[in-house]
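Undergrad: Sharing a model prediction with you, sequence too.
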Amino acid sequence: MSGQPADGGLDLLIVGDCNPDVLVLGDDVTPAFGQQEKIVASMALVIGGSAAIMAVAASRLGLRVALCAAVGADPAGEFMLTQLAAEGVNTDAIVVRPGQATGMTVALSHGTDRAILTALGAMPTLTAADVDPALMARARYVHVSSYFLLERTLGPGLAALLERAQTAGATTSLDTNWDPAGLWGGDQLDGVLAATDLLLPNEAEARLISGEAVIGKAITALAARGPRVAVKRGALGARCFDGTGSWLVRPPDDPVVDATGAGDCFDAGVIAGLLRGQGLAEAVRLGCAVGTASTRGAGGTSAAPSLAAALEEAERVRVTRAED
Ligand SMILES: Nc1ncnc2c1ncn2[C@@H]1O[C@H](COP(=O)(O)OP(=O)(O)OP(=O)(O)O)[C@@H](O)[C@H]1O
Ligand SMILES: [Mg+2]
């Protein structure tokens with residue numbers, strides 16, 4: 001059950017995906033078919049799913065956070081509920097689907113790059129009707145993760161849901177993540193973007209959703225559809241457009257253990273900054289600090305920092321105005 005009192009206010013409601021990750025780490029993690037057995041450096045069962053990782057990162061940053069997602073009635077779902085509650089995330093709005101499997105990911109990683117296999121399980125059964133209106137009414141901020149994985153079920157009611165959140169006074173944001181179908185939106189996404197205050201794609205996603213190859217143009221095109229935009233650029237940091245101009249935000253070049261979940265930790269940092277009253281560029285600086293800190297440990301959450309550590313880290317992140 002919840003790690004927070006049921007009647008308290010809520011800083012952040014995250015709607016999205018929740019599944020364990022089996023993380024396979026080593027220099028050579030490429031499977032060899034033909035029934036060959038390979039020994040790898042390590043394997044771990046950890047919190048996965050973009051929304052779940054972000055919820056933990058936000059909780060570490062001191063936000064009161066709830067997660068709405070769908071899991072199956074199985075040990076993988078129980079693992080997620082237990083781990084999230086232990087991290088102080090309110091799990092009351094996680095729907096357990098009897099007879100279905102919890103989604104699961106196997107990530108094969110050798111540092112900065114990784115190959116990912118995912119079974120969606122109950123994950124894409126989530127609909128807008130599963131989001132408790134009372135919970136949403138308590139939230140200062142509503143974020144949606146992994147839109148494309150949930151496009152068919154959550155998608156149809158999402159624009160109206162985000163509009164209701166905005167009307168109730170909440171700020172809204174969206175991280176679509178990758179589109180495995182390769183379609184990258186359409187009319188339904190247009191409606192969702194119109195009700196989104198902040199869009200948080202990575203660079204490849206920004207290009208593919210906008211249809212613009214040049215990143216500056218991609219950001220302008222996305223902003224024209226409604227939201228402010230902050231684009232994640234891996235080791236290069238991020239670039240954001242706040243309505244007045246574009247900013248480049250650059251973390252230091254530190255060694256990376258595993259970049260899984262860096263984007264989700266970045267999202268948590270940006271929202272923590274905005275909820276602290278920071279402007280977008282300064283909040284993106286905090287996002288880069290949280291994302292970069294998260295790359296120093298395996299999995300999405302093992303190195304997600306406290307607010308104090310993230311603020312200290314942010315002092316090492318440079319913000320400059322983009323010239324183009
Ligand atoms: N190799 C790296 N070195 C330093 N910082 C990194 C690195 N990778 C990611 N980060 C930090 O994390 C942030 C977000 O990471 P990234 O750009 O990989 O997002 P993403 O593509 O959305 O990731 P995800 O795979 O989690 O969806 C970056 O803006 C940066 O601050
Ligand atoms: Mg991402």
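TA: Thanks, I have the structure now. Ligands and ions are numbered 1, 2, ... in the order given.
Undergrad: Could you list the low-pLDDT ranges of the stretch 1-150 of the chain?
TA: Confidence mapping of the stretch 1-150 of the chain against pLDDT under 70 gives the ranges 1-7, 111-112.
Undergrad: what about the strands in it?
TA: Assigned by DSSP state E, counting those that start in this stretch, the stretch 1-150 of the chain shows strands spanning 10-15, 19-25, 42-48, 65-68, 70-72, 95-97, 104-109, 114-119, 139-145.
Undergrad: Name the residues of stretch 102-119 that are buried.
TA: For stretch 102-119, the neighbour count (16 or more other C-beta atoms under 10 Å) marks 102-110, 114, 118 as buried. Quick note: C-beta positions are derived from backbone N, CA and C, even for glycine.
Undergrad: Ok, stretch 179-187 next?
TA: 179, 184-185.
Undergrad: Mind picking the one among those that's closest to residue 198?
TA: residue 185 (16.8 Å; C-beta to C-beta).
Undergrad: Residue 43 is in contact with residue 25, isn't it?
TA: Yes - in terms of C-beta atoms under 8 Å, residue 43 counts as a neighbour of residue 25; the distance is 7.4 Å.
Undergrad: higher neighbour count, these two?
TA: residue 25 (21 against 13; other C-beta atoms under 10 Å).
Undergrad: Which helix or strand lies directly C-terminal to the host helix or strand of residue 290?
TA: Assigned by DSSP states H and E, residue 290 falls within helix 280-294. Beyond helix 280-294 in the direction of the C-terminus, DSSP H and E gives the next helix or strand as helix 307-314.
Undergrad: quick one: contacts of that following helix?
TA: Identification of contacts with helix 307-314 by C-beta atoms under 8 Å, 6 or more residues apart in numbering yields 60-62, 269, 272, 285-286, 288-290, 292-293, 305.
Undergrad: Specify which member of the residues you listed is nearest to residue 152.
TA: residue 269 (30.0 Å).
Undergrad: Ramachandran coordinates for that closest one?
TA: phi -70, psi -40 (degrees, to the nearest 10).
Undergrad: contacting residues for it?
TA: Applying C-beta under 8 Å, 6+ apart, we find residue 269 in contact with 57, 61, 283, 286-291, 310.
Undergrad: Just confirm yes or no for stretch 290-302 near ligand 2.
TA: No - figure legend: stretch 290-302 not in contact with ligand 2 (C-beta under 5 Å from the ion); closest approach 9.8 Å.
Undergrad: Quick check: nearest residue in space to residue 61, chain neighbours excluded?
TA: residue 272 (4.3 Å; C-beta to C-beta, 6 or more residues apart in numbering).
Undergrad: that older thread, just list what the helix holding residue 290 packs against, helices and strands only.
TA: strand 228-232, strand 238-241, strand 246-250, helix 262-275, helix 307-314, strand 318-321 (3 or more C-beta pairs under 8 Å, 6 or more residues apart in numbering; DSSP states H and E).
Undergrad: same thing but at 7 Å, please
TA: Contacts defined by 3 or more C-beta pairs under 7 Å, 6 or more residues apart in numbering; DSSP states H and E place helix 280-294 against strand 228-232, strand 238-241, strand 246-250, helix 262-275, helix 307-314.
Undergrad: I'd like the distance from the fourth one to the chain centre, please.
TA: Looking back up the chat, that one is helix 262-275. Here helix 262-275 shows a centroid-to-chain-centroid distance of 8 Å under the convention C-alpha atoms, centre = their mean, to the nearest Å.
Undergrad: ok, now the third one?
TA: Centre-to-centre, strand 246-250 and its host chain are 20 Å apart (C-alpha atoms, centre = their mean).
Undergrad: May I see the buried residues of that strand?
TA: Within strand 246-250, the residues that qualify as buried are 246-250, counting by 16+ other C-beta under 10 Å.
Undergrad: By pLDDT, give me the weakest of those residues.
TA: Here the lowest pLDDT out of the buried residues of strand 246-250 sits on residue 246, with 91.
Undergrad: Contact partners for that residue?
TA: Listed by C-beta atoms under 7 Å, 6 or more residues apart in numbering, the contact set of residue 246 reads 216, 219, 239-240, 322.
Undergrad: For ligand 2, what is the nearest residue in this structure?
TA: Proximity of the chain to ligand 2 (C-beta to the ion) peaks at residue 263, 3.1 Å away.
Undergrad: No further queries at this time; thank you.
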